[in-house]
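Participant: Pasting the sequence and the predicted coordinates here, then a few questions.
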Amino acid sequence: MRVRVSLDADSQFAVISVRDNGVGIEPALMARIFQPQPHETSSRNRSGLGSDFRSPDA
């Protein structure tokens, strides 16, 4: 698998793009992939970036 990450920024926003040559996402899941995911544990018990991702405005 190949993954390409790029960054574009201006004075107000940064856009991080990720592209790969994987098998893709099932069409039935596409409408939900950018929705925040609920977590059953408290934020104190989680680790990670803590970022929510948004869909492109295109």
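Facilitator: Arrived safely.
Participant: Tell me which stretches of the chain form strands.
Facilitator: Assigned by DSSP state E, the strands in the chain fall at 3-9, 14-20.
Participant: Columns mean neighbour count, distance to residue 33 and mean pLDDT on top of those, output as TSV?
Facilitator: C-beta coordinates here come from the backbone N, C-alpha and C atoms, glycine included. Shown next, in TSV, are those (neighbours: other CB atoms under 10 Å; distance: least, CB to CB, whole Å; pLDDT from 0 to 100):
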stretch	mean neighbour count	distance to residue 33	mean pLDDT
strand 3-9	9	17	95
strand 14-20	10	12	93
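Participant: want to try a markdown table for those strands, with distance to residue 31 as columns?
Facilitator: What follows is those, written out as a markdown table (distance: least, CB to CB, whole Å):
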| stretch | distance to residue 31 |
| --- | --- |
| strand 3-9 | 24 |
| strand 14-20 | 19 |
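Participant: Out of those strands, which gets nearest to residue 34?
Facilitator: strand 14-20 (12.7 Å; CB to CB).
Participant: thinking again about what came up before, identify whichever of the strands of the chain lies nearest to residue 27.
Facilitator: Evaluated over the strands of the chain, closeness to residue 27 peaks at strand 14-20, with 17.5 Å, by CB to CB.
Participant: tell me which strands and helices that closest one is in contact with?
Facilitator: For strand 14-20, the elements it packs on are strand 3-9, judged by 3 or more CB pairs under 8 Å, 6 or more residues apart in numbering; DSSP states H and E.
Participant: got a list of what the residue nearest to residue 19 when sequence neighbours are not counted touches?
Facilitator: What sits nearest to residue 19 in space, not counting adjacent residues and going by CB to CB, 6 or more residues apart in numbering, is residue 4, at 4.7 Å. Counting by CB atoms under 8 Å, 6 or more residues apart in numbering, residue 4 makes contact with 18-20.
Participant: Could you measure from residue 4 over to residue 28?
Facilitator: 26 Å (CB to CB, to the nearest Å).
Participant: How about residue 7?
Facilitator: In this view, residue 7 and residue 28 are 31 Å apart by CB to CB.
Participant: Appreciated, that's everything.
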